[in-house]
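Visitor: need a 3D model of the sequence below.
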Amino acid sequence: MAYNFKKLKVLVADDDATICLVIANIFRTLKVKDCLTARNGEEAVELFKEHKPDVVLTDWNMKDMCGLELTRIIRDIDKEINGVTPVILTSGYADMEKVKEAINVGVNEFLLKPFSVNDLASRVAYVVEHPRDCIDIEGYFGPDRRRRDSSEYDGPERRTREG
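Guide: Okay, here's the model as predicted:
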């Protein structure tokens, strides 16, 4: 069954006008409730504060504020309101060090450019349908960086699920 995007409010931040327009049109085709677009990081922060979108899609490489800086600001805002907004970072960088850097800032998902409509739709549906636990430790606030529960580690810093 296909994901129903009709209830989603999405914020797209990309300083390339053509890319921003194409992604916004993809979201309109997917019938998202609302697609907000920002041409720079500062505008994205203001739109985020005003509209509190369900998902943020941001480019890594923007002129005034990169996607990592935008994610850090979003995480600071999230911490104040006690929530974690899914952030998907798009980039042409494919090396693992860049991916790790993005994850350590609090990015939920990484989407390598160029991507297809299906890639974008499945990534957005995934972050909405599979929210990660929120981690609040010294130096980090954001989604749990671990994707799986590994029973192999049994050391003193092993996380446990309380509930």
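
Visitor: where does D119 land on pLDDT?
Guide: Confidence per residue is given as pLDDT, and for D119 that number is 96.

Visitor: how far out from the middle of the chain is the helix or strand harbouring it?
Guide: With secondary structure defined by DSSP states H and E, D119 is part of helix 117-129. Computed by C-alpha atoms, centre = their mean, to the nearest Å, the chain-centroid distance of helix 117-129 equals 11 Å.

Visitor: contacting residues around that helix?
Guide: Counting contacts by C-beta atoms under 8 Å, 6 or more residues apart in numbering, the residues outside helix 117-129 that touch it are 3, 5, 8, 10, 23, 26, 29-30, 54-55, 57, 86, 88, 108-109, 111. Placement of C-beta: from N, CA and C, glycine included.

Visitor: for that helix, buried residues please.
Guide: By neighbour count, and taking 16 or more other C-beta atoms under 10 Å as the criterion, the buried residues in helix 117-129 are L120, A121, R123, V124, A125, V127, V128.

Visitor: who wins for neighbours among the contacts of helix 117-129?
Guide: Using other C-beta atoms under 10 Å as the contact criterion, the top neighbour count among the contacts of helix 117-129 goes to L57, which has 29 neighbours.

Visitor: what about T90, which SS state?
Guide: Three-state secondary structure (criterion: DSSP: H, G, I helix; E, B strand; the rest coil) places T90 in strand.

Visitor: look up the residues forming beta bridges with the closest residue to V84 other than its chain neighbours.
Guide: The shortest distance from V84 to any non-neighbouring residue, by C-beta to C-beta, 6 or more residues apart in numbering, is to C134 (4.7 Å). Beta-bridge pairing for C134 (DSSP bridges): P143.

Visitor: C134 against G142, yeah?
Guide: Yes. Contact between C134 and G142 holds when scored by C-beta atoms under 8 Å: they sit 7.3 Å apart.

Visitor: which one's more surrounded, these two?
Guide: When neighbours are counted by other C-beta under 10 Å, C134 and G142 differ, and G142 comes out ahead with 25 against 14.
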